[in-house]
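Colleague: Whatever this is, show me its structure:
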Amino acid sequence: MIIDKSVAADFRSLIEETWGQFFGVFGPRADCFGDVHIKVDYDLTDRAMYDPRTATITVRVPERASILKGALVHEWAHHVEFQCDAHTELREAFLAAQGMPANTPWRSAGGSVDVLSSDWAKIPSEQYAETTIVLVLGKRPVETSAPITEDGVNVIRAWAQK
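Modeller: Residues are numbered from 1 along each chain as shown. As a prediction, this is how the structure comes out:
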């Protein structure tokens, strides 16, 4: 993990603490995904976003610690998804756990940044990231309409611990 100079010391500590929780779950897969860069943006429209081209997470600050933690875990989940080729192994089982047909596209064609929130919640990639928050933190600090299932949590846990 590479933390940008734009990140204040208190947020840096929160990032490191949350990374420890995330790594506690995804550590066995660490050789599958590389470094992730983290920077802040005071004017970002969303809470956070992940750019797979640069493996960079941008987080909007200031914000409550619990919301920042959830945003970090959500975006780290996307980092693993984009960087780890073996991630495709969990998708069929995750789709089944979420009650979706096996042929459901994992992501929307144009990405999920400009998707309506009602449609965003139906995207398997976003359900995976939201489910990862529950797996790592125990609950979501911000409730969204993306469904979480116990089976979905178990699928991600089993894959992450391989």
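Colleague: Need the residue closest to the centroid of this protein.
Modeller: For the chain, the residue sitting closest to the mean C-alpha position, by CA atoms, centre = their mean, is His74 at 2.4 Å.
Colleague: Helix or strand next in line after the helix or strand bottoming out on mean pLDDT in the chain, which one?
Modeller: For the chain, using mean pLDDT, DSSP states H and E, the weakest element among its helices and strands is helix 117-120, scoring a mean of 74. Downstream of helix 117-120, the next assigned helix or strand under DSSP states H and E is helix 124-137.
Colleague: In the chain, where is pLDDT below threshold?
Modeller: Residues of the chain meeting the criterion pLDDT under 70: 110-118.
Colleague: Strands along that one, start to end?
Modeller: Along the chain, counting by DSSP state E, strands occupy 2-3, 37-41, 48-51, 56-60.
Colleague: what ranges do the helices span in this protein?
Modeller: Under the criterion DSSP state H, helices of the chain are mapped to 9-26, 65-83, 88-97, 117-120, 124-137, 150-160.
Colleague: Kindly present these as JSON lines, with separate columns for distance to Gly34.
Modeller: In this view, the C-beta of every residue, glycine as well, is placed from N, C-alpha and C. Formatted as JSON lines, the helices of the chain follow (distance: least, CB to CB, whole Å):
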{"stretch": "helix 9-26", "distance to Gly34": "13"}
{"stretch": "helix 65-83", "distance to Gly34": "6"}
{"stretch": "helix 88-97", "distance to Gly34": "17"}
{"stretch": "helix 117-120", "distance to Gly34": "27"}
{"stretch": "helix 124-137", "distance to Gly34": "18"}
{"stretch": "helix 150-160", "distance to Gly34": "16"}
